[in-house]
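Asks: With the input below, show me the fold.
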Amino acid sequence: MKNNLANKVVDAMFDNDSFSQWLGIERSTVEEGRCVLKMKIRKEMLNGFQILHGGIYYSLADSALAFAANSYGIKSVSIETSISHILPCKEGDEIVATTNEISLSNKIGIYNININNVEGNLVAVFKGTVYRTGKRWFEENK
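Replies: Predicted coordinates:
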């Protein structure tokens, strides 16, 4: 039942998230507090060094944070985020963002998101803190 709520929330978010759609994000796993997203790097995502622009790593991780944090049915917004870039990626590479919920209270959630390439190498690490507003996504999830 709760997993259905997580999918319902993330479906609603994704359907209205043109940027995540433009990124070509695919949802592999959606559960309460957890999300796994993947995407393939396209030419228009590269910077002047012909490697993945840092903002794209960040955006993928930010979407993973949003989906994981909101998966409980409580509207949550980021209040602090940071990223460390470890390895470059290039056009055609596929990357996977996996969330790990570190802490969850009534008002604050803390998440780490690891981004790996398909070989399993860690390419970026993102940390995000969200504020849980207490507002529900759907009336029926009271």
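Asks: for whichever helix or strand Asn4 is part of, packing partners?
Replies: Per DSSP states H and E, Asn4 falls inside helix 2-15. If contacts are counted by 3 or more CB pairs under 8 Å, 6 or more residues apart in numbering; DSSP states H and E, helix 2-15 sits against strand 26-31, helix 54-70. Where you see a C-beta, it was placed from the backbone N, CA and C, and this is true even at glycine.
Asks: partner strands of the first one, parallel or antiparallel?
Replies: Going back to what we said before, that points to strand 26-31. strand 34-40 (antiparallel) (DSSP bridges).
Asks: And the strand it pairs with, how far out from the chain middle?
Replies: Centre-to-centre, strand 34-40 and its host chain are 7 Å apart (CA atoms, centre = their mean, to the nearest Å).
Asks: again with stretch 71-78
Replies: So, by CA atoms, centre = their mean, the centroid of stretch 71-78 is 12 Å from its chain's centroid.
Asks: Now do the buried residues in that stretch.
Replies: Of all the residues in stretch 71-78, those buried under the rule 16 or more other CB atoms under 10 Å are Ser71, Tyr72, Gly73, Ile74, Lys75, Ser76.
Asks: For this structure, which residues score under the pLDDT cut-off?
Replies: Counting by pLDDT under 70, the chain has low-confidence residues at 1-3, 141-142.
Asks: name the element Glu80 belongs to?
Replies: With DSSP H and E as the test, Glu80 turns up in strand 74-85.
Asks: I am finished for the moment; much appreciated.
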